[in-house]
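[1] One predicted model, sequence on top.
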Amino acid sequence: MARHFNTAGPCRADLHYMLPPDRRLHGVRALIDRQTYFVLHAPRQIGKTTSLLALARALTAEGRYAAVLVSMEAGAAFSGDVGAAELAVLGAWRRSAAARLPADLQPPPWPDAPPGARIATALSAWAIDSPRPLVVFLDEIDAPEGDALVSVLRQLRDGFETRPAAFPWSLALIGMRDVRDYKVVAGADRARSASPFNIMETSLTMRDFSAAEVGELYAQHTADTSQRFEDAAVARAFELSRGQPWLVNALAARATRDLVPDVARAFTAADIDAAREILIRRQDTHLDSLIERLHEERVRRVIAPMIAGDLLAQVPDDDRRLVVDLGLVRRDPDGGLDVANPIYREVIARALTQGVFDAMPRVPATWLGPDGGIDCARLLTAWLAFWRQHGEALLATAPYAEVAAQLVMMAFLHRVANGGGVIEREYALGRGRIDLCLRYGPTVLAVELKVWRSRQRDPEATGLAQLDAYLDAQGPATAWLVIFDQRARRPSPSKRTRTARKRTPSGRAVTVVRL
């Protein structure tokens, strides 16, 4: 069977293009040799399961350890019933061991034990029975929550002192969250003590692919089929994905299966852009799971100010850490938080504007010129008419009230782009604005959105200076600075809604729109 780019489940070398799975597990073997209990956390679909399955196979094949990856996911449906969660988990462990270990390393029958002690009792019996030191990777450790999670962690702590004779030689908790966040998941009122978590010596994470690794992965397709990825296509894939492994594979999968099945033609950067649009429109499982996270209050407390460009002074550190661990945002090397990659940035924006988009009345495309392109003057007239008639009513349909006005305008421009254009968005903490670029044929419209709040200065001067910097990167474009007046004592809509022609500090002409 021909290999392909994998977007579902762990990778297999005989079926999928893949990089050496232990490459991003630096230091894990040394931890195991030292009998360490540790945490490996990283976002979903980054390669944790693939890498640890391969490592477990290698450790077992070398003959020194009995190493196996087993999952806690079966217990997720029983988070309120510790005993039922344990039984479900132990059943899944036995099936995994049967498939992944030779007969002489299979676990013994699980001994009887009361609820709340079954996991520790099973691990103890397995370690005693095993002819080799037992190494266990507990995947999806954060799938169970509440009582079930607290119980498992306490059982691991209680058994830790008896290792390696009567408990696993080494054990890893594998999940999305760092161990510091388990208290929050378990419920802070029941996990104030650090005791269930203090046996973990260290916490590791897995990095995304580098630009060179994206090229290395794509070159495997070329080696198998002779179909090339142009250098610009590889660079564009890395730019859009920032090396996130699922996205890297998904872009190539869409390009090879849907866009350029003819192996005689090389993939271009335009093909990768087209694949990006397919991914965003389809919202496959990985992207859909990210969208679901946007409704969680802890995530909203980070993403809403990010879209607004505000600071995170009042957001708890646990919330910031969670959103980084989930892979939605990343920490910039120079400081601050940013959305993890341009594809996530667009997915988040579209997800948050979808309710507004669906609630919008039909808008005649009066902004189209005789040649079918966009006339920016007509578009501005249409936007102002739309805002006066529908803006206030649509604010209530936005999922994040803090940025409702910005989401309404983004939904309107998305309706415009649906006629044959694309929107590029920039937003991040502390910028104090959202930058939008609408590209429609030869027309380029750069829009900066700012909010004027109570006890703040008029943001016009700052916005004009920021537009200069943005236009330096975009090149020639029509430019709007849109200021949403959200002061407590702002004028009535009829008095504050107006436009004016202004100049940036470098002399560029800009239309300032006040709403």
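    Everything's here; your move.

[2] Report the contact partners of Leu515.
    Applying CB atoms under 8 Å, 6 or more residues apart in numbering, we find Leu515 in contact with 387, 391, 405, 482-485, 493, 496-497. In short, each C-beta sits where N, CA and C put it, glycine included.

[3] shaky segments in the stretch 351-500 of the chain?
    For the stretch 351-500 of the chain, applying pLDDT under 70 flags the ranges 429-432.

[4] Toward the C-terminus, what is the element adjacent to the helix or strand of the chain with the lowest mean pLDDT?
    Of all helical and strand segments in the chain, the minimum by mean pLDDT, DSSP states H and E falls on helix 182-186, at a mean of 56. Next in sequence after helix 182-186, counting helices and strands by DSSP states H and E, comes strand 202-205.

[5] got the contact list for the helix or strand where Arg94 lies?
    Under the criterion of DSSP H and E, Arg94 resides in helix 82-100. Outside helix 82-100, the residues that touch it by CB under 8 Å, 6+ apart are 53, 56-57, 68-79, 105-107, 110, 114-116, 118-119, 122, 144, 147-148, 151.

[6] residue boundaries of the strands in this structure?
    In the chain, the segments counted as strands under DSSP state E are 37-41, 66-71, 134-139, 170-175, 202-205, 329-331, 337-339, 422-426, 434-440, 443-452, 478-485, 498-503, 509-514.

[7] For the longest one, which helices and strands make contact with it?
    In this structure, strand 443-452 packs against helix 376-386, helix 404-417, strand 434-440, helix 460-474, strand 478-485, with contacts taken as 3 or more CB pairs under 8 Å, 6 or more residues apart in numbering; DSSP states H and E.

[8] ok, now with 10 Å
    Contact partners of strand 443-452 among helices and strands, from 3 or more CB pairs under 10 Å, 6 or more residues apart in numbering; DSSP states H and E: helix 297-308, helix 376-386, helix 404-417, strand 422-426, strand 434-440, helix 460-474, strand 478-485, strand 509-514.

[9] now swap in the fourth one and tell me
    Contacting strand 170-175 under the criterion 3+ CB pairs under 10 Å, 6+ apart are the following elements: helix 28-33, strand 37-41, helix 48-61, strand 66-71, strand 134-139, helix 146-160, helix 182-186.

[10] wait, which of the ones you listed is closest to Glu213?
    Of all the helices and strands packed on strand 170-175, helix 48-61 sits nearest to Glu213, with 13.4 Å by CB to CB.

[11] can you state the direction angle for the closest one and strand 134-139?
    Helix 48-61 and strand 134-139 meet at an angle of 170 degrees, taking axes from the mean of the first three to the mean of the last three CA atoms, to 10 degrees as the criterion.

[12] Helix 48-61 to strand 170-175, inter-axis angle?
    Going by the same axes, to 10 degrees, helix 48-61 makes 160 degrees with strand 170-175.

[13] Helix 48-61: which residues count as buried?
    48-57, 59-60 (16 or more other CB atoms under 10 Å).

[14] Name the member of those residues with the shortest distance to His4.
    For these, the nearest to His4 is Thr50 (15.0 Å; CB to CB).

[15] Which residues are in contact with that closest one?
    Contacts for Thr50 (CB atoms under 10 Å, 6 or more residues apart in numbering) come out as 6, 9-13, 16, 18-19, 21, 245.

[16] just curious, which of the contacts of Leu515 is nearest to Phe412?
    The closest of the contacts of Leu515, once distances to Phe412 are taken by CB to CB, is Trp387, at 8.1 Å.

[17] can you list the domain ranges for the protein.
    28-205, 211-282, 356-514 (automatic domain parsing).

[18] distance between the ends of the second one?
    Using CA to CA, to the nearest Å, the end-to-end distance of domain 211-282 comes to 25 Å.

[19] ditto for the longest one
    As for domain 28-205, its first-to-last residue distance stands at 11 Å under the measure CA to CA.

[20] what's the least confident stretch among the helices and strands packed on strand 170-175?
    Per-stretch mean pLDDT for the helices and strands packed on strand 170-175 is lowest at helix 182-186 (a mean of 56).

[21] and the gap between Pro491 and Asp310?
    24 Å (CB to CB, to the nearest Å).

[22] related to what we said a few turns ago, now render the helices and strands packed on strand 443-452 as JSON lines, adding mean neighbour count and distance to Arg29.
    JSON lines is the format used below for these (neighbours: other CB atoms under 10 Å; distance: least, CB to CB, whole Å):
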{"stretch": "helix 297-308", "mean neighbour count": "20", "distance to Arg29": "35"}
{"stretch": "helix 376-386", "mean neighbour count": "17", "distance to Arg29": "59"}
{"stretch": "helix 404-417", "mean neighbour count": "22", "distance to Arg29": "48"}
{"stretch": "strand 422-426", "mean neighbour count": "17", "distance to Arg29": "41"}
{"stretch": "strand 434-440", "mean neighbour count": "22", "distance to Arg29": "45"}
{"stretch": "helix 460-474", "mean neighbour count": "17", "distance to Arg29": "44"}
{"stretch": "strand 478-485", "mean neighbour count": "22", "distance to Arg29": "55"}
{"stretch": "strand 509-514", "mean neighbour count": "18", "distance to Arg29": "58"}
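
[23] Can you convert these into JSON lines and add a column each for distance to Ala269?
    As requested, the helices and strands packed on strand 443-452 are exported to JSON lines (distance: least, CB to CB, whole Å):
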{"stretch": "helix 297-308", "distance to Ala269": "28"}
{"stretch": "helix 376-386", "distance to Ala269": "27"}
{"stretch": "helix 404-417", "distance to Ala269": "20"}
{"stretch": "strand 422-426", "distance to Ala269": "14"}
{"stretch": "strand 434-440", "distance to Ala269": "15"}
{"stretch": "helix 460-474", "distance to Ala269": "18"}
{"stretch": "strand 478-485", "distance to Ala269": "25"}
{"stretch": "strand 509-514", "distance to Ala269": "30"}
